[in-house]
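>>> sequence-free structure coming up:
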Ligand SMILES: Nc1ncnc2c1ncn2[C@@H]1O[C@H](COP(=O)(O)OP(=O)(O)OP(=O)(O)O)[C@@H](O)[C@H]1O
Ligand SMILES: O=P(O)(O)OC[C@H]1O[C@H](OP(=O)(O)OP(=O)(O)O)[C@H](O)[C@@H]1O
Ligand SMILES: O=C(O)c1cccnc1
Ligand SMILES: [Mg+2]
């Protein structure tokens, strides 16, 4: 990956690790009012010593998929560690809650910590499935209840984002670089920061978000914007054209060199230099002088819309799909690129042609001038038009130049594509064939446009050792009661086969031993499984007032996502109509659920 990236010294790395701290707004008051009013009502009704078990789980996988990535655990642990109402929090609550609240309740809140809470969880970065609790919170009812909203907000978006990012990684393949460019379009500053963190965990390679880079030690990368190009009008805008040669340090006039190269290249790729924008050339020269070793140019500024046809109805714009006219051939004066006829040729140049005529020509001229000064350009970014078609044309141009001037590295220049990209766009680009090395993705990724919430819930499943069930007309919403364990059973081929929930009092399933796995609600759906491997999904992460298992660094969580995804069969991960992964309960738990269900469901009377 060769986008312009910042360099970090080891001091910086230490500093950024120290900075990997709890987001400042995560604190006990980041909750719903009803948690605190319930806490008071529990306290008033003598429930201070009640002990509860809550499960945090979701009911459906997002994005019409059949898997989810669990994320947010590290933040949950930091939240438990720092849980404490400050004096000003207490003061605020005194002013906000009704006047009849007894002062002793505030004294109780003031001393509240999570020291009596136990938190068991699935490892962060694991693939997870509906109904299998991601977190199990045990401890005093009041404090366990007070944690609900904050734990949900920490897990819901994190898991949704990590899943979204993992899906982009799956469709893009492992050799394409994925950059998160979403901060400007995210759901506010905190949404943007979380999106950068969990996009990285899900498989993105870097972010343009500088604070995320500093706080979480994520590689920060980027190119430049259209405004940089449009701020230059003529070649006179190049204030200083001198660049020291990389090795000899001799002064080189980049403006002169680039202008000469533009003439030479234009004859080779059959584009007239008069058609290229001088302002754009001035901008690219200036950027190259600022970053001679990191020259990455946005080449689509002067496209048909911006240059010639402002306000043209969109139906007249260059449209996507269906291009077939790209291929290179050799003309009478040497190699040529054949440009396909533009769809809206009646209106002048299409985006495709304009991008080639101006941006690409100017880029090649500056890249070749930089080469004369001992530097290698990095590549281009395309942010409009038919990304498949343009990337192929750009690569062909690079290949032509590589051949013509014996510069093999020119063929390997990076092509970055951006502009409203989503999963479907990448799938479609793959189908069409493209030469893109890197996708810059913002809006669809960070806003999770296809599904904006995961829908994790936090349900009471046991109180004072008594199971609790929440009934619903909708069977899918009936909770699975009691203190449970979760196991992942692997099949003979090594893939994960089924997740099994059991009562904690039951012995764990064993390798090679037949286990009856039952659908939690449909009696006839059951199967025997002889696991080749059994993975106990829960570990205790928080107990006795401290973190028991240190959260792994982000990079390891990121690797965990990929290794966990590899345990899933391909048909469960496929984009279209994936096969559902099975989640089952043991026979014992099945009977327990249904006995409790009958006990709790009143018998109606017909009249
Ligand atoms: N070859 C392609 N196949 C499928 N989708 C594509 C292809 N090329 C681009 N796209 C997508 O098509 C959409 C094009 O949107 P839009 O018409 O707004 O862009 P544009 O024509 O470049 O205009 P603008 O200059 O305003 O950005 C984007 O979402 C882009 O990601
Ligand atoms: O399209 P997204 O997936 O949201 O990716 C981020 C977008 O943000 C930038 O555009 P913007 O028009 O804000 O600025 P620019 O001048 O750099 O293109 C960038 O060029 C992308 O188009
Ligand atoms: O660096 C970039 O190219 C970038 C950053 C944010 C948004 N769009 C593009
Ligand atoms: Mg843009």
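Everything's here; your move. This is a predicted model, so every value here is computed, not measured. Numbers count the residues shown, from 1 in each chain. Ligands and ions are numbered 1, 2, ... in the order given.
>>> hey, let's count contacts and neighbours off CA atoms from now on
Will do.
>>> for the residue lying closest to residue 84 once chain neighbours are set aside, give me phi and psi.
Leaving out its chain neighbours, the residue that sits closest to residue 84 by CA to CA, 6 or more residues apart in numbering is residue 113, at 5.9 Å. Backbone torsions of residue 113, given as degrees, to the nearest 10, read phi -140, psi -180.
>>> how near is residue 113 to residue 394?
Applying CA to CA, to the nearest Å, the value for residue 113 to residue 394 is 60 Å.
>>> between those two, which is the more surrounded one?
Using other CA atoms under 10 Å as the criterion, residue 113 and residue 394 rank with residue 394 on top: 23 against 16.
>>> where do the strands sit along the stretch 201-350 of the chain?
Applying DSSP state E, counting those that start in this stretch to the stretch 201-350 of the chain gives strands spanning 206-207, 221-222, 242-244, 251-253, 296-298, 327-331, 334-338.
>>> near ligand 2 at all, the first one?
Same thing as strand 206-207. No. Using CA under 6 Å from any ligand atom, strand 206-207 never reaches ligand 2; the gap is at least 11.2 Å.
>>> quick one on the thing from earlier: next one, pLDDT for the residue nearest to residue 84 please.
You'll see residue 113 listed with a pLDDT of 98.
>>> which strand residues bridge the residue in the stretch 151-300 of the chain that ligand 3 sits nearest to?
The nearest approach of the stretch 151-300 of the chain to ligand 3 comes at residue 222, 3.1 Å away (CA to the nearest ligand atom). Under the criterion DSSP bridges, residue 222 forms beta bridges with residue 4.
>>> where does whatever residue of the stretch 101-250 of the chain ends up closest to ligand 2 fall, phi/psi-wise?
Here the stretch 101-250 of the chain gets closest to ligand 2 at one residue, residue 225, 3.5 Å apart by CA to the nearest ligand atom. Main-chain dihedrals, residue 225, degrees, to the nearest 10: phi -100, psi 170.
>>> cool, and residue 505?
Torsion angles at residue 505 (phi, psi; degrees, to the nearest 10) stand at phi -80, psi -10.
>>> residue contacts, residue 498?
488-490, 581-584 (CA atoms under 8 Å, 6 or more residues apart in numbering).
>>> and with 6 Å instead?
Contacts for residue 498 (CA atoms under 6 Å, 6 or more residues apart in numbering) come out as 488-489, 582-583.
>>> those residues in strands, which ones?
Of the contacts of residue 498, the ones assigned to strands by DSSP state E are 488-489, 582-583.
>>> of those residues, which is the most crowded?
Counting neighbours by other CA under 10 Å, residue 489 leads the ones in strands among the contacts of residue 498 with 24 neighbours.
>>> for it, list the residues it contacts.
Contacts for residue 489 were tallied using CA under 6 Å, 6+ apart; they are 497-498, 531, 533-534.
>>> which one of these is nearest residue 520?
In terms of CA to CA, no member of the contacts of residue 489 lies closer to residue 520 than residue 498, at 12.9 Å.
>>> and that closest one, what pLDDT?
98.
>>> re the thing from before, now the contacts of residue 498 in CSV, with distance to ligand 2 and pLDDT?
Shown next, in CSV, are those (distance: CA to the nearest ligand atom, whole Å; pLDDT from 0 to 100):
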residue, distance to ligand 2, pLDDT
488, 36, 98
489, 39, 98
582, 34, 97
583, 35, 98
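>>> closest one of the residues you listed to ligand 1?
Scanning the contacts of residue 498 for proximity to ligand 1, where the rule is CA to the nearest ligand atom, the winner is residue 582, at 34.1 Å.
>>> who does the closest residue to that closest one other than its chain neighbours form a beta bridge with?
Excluding its sequence neighbours, the residue lying closest to residue 582 (CA to CA, 6+ apart) is residue 498, at 5.0 Å. Using DSSP bridges, the bridge partners assigned to residue 498 are residue 489, residue 582.
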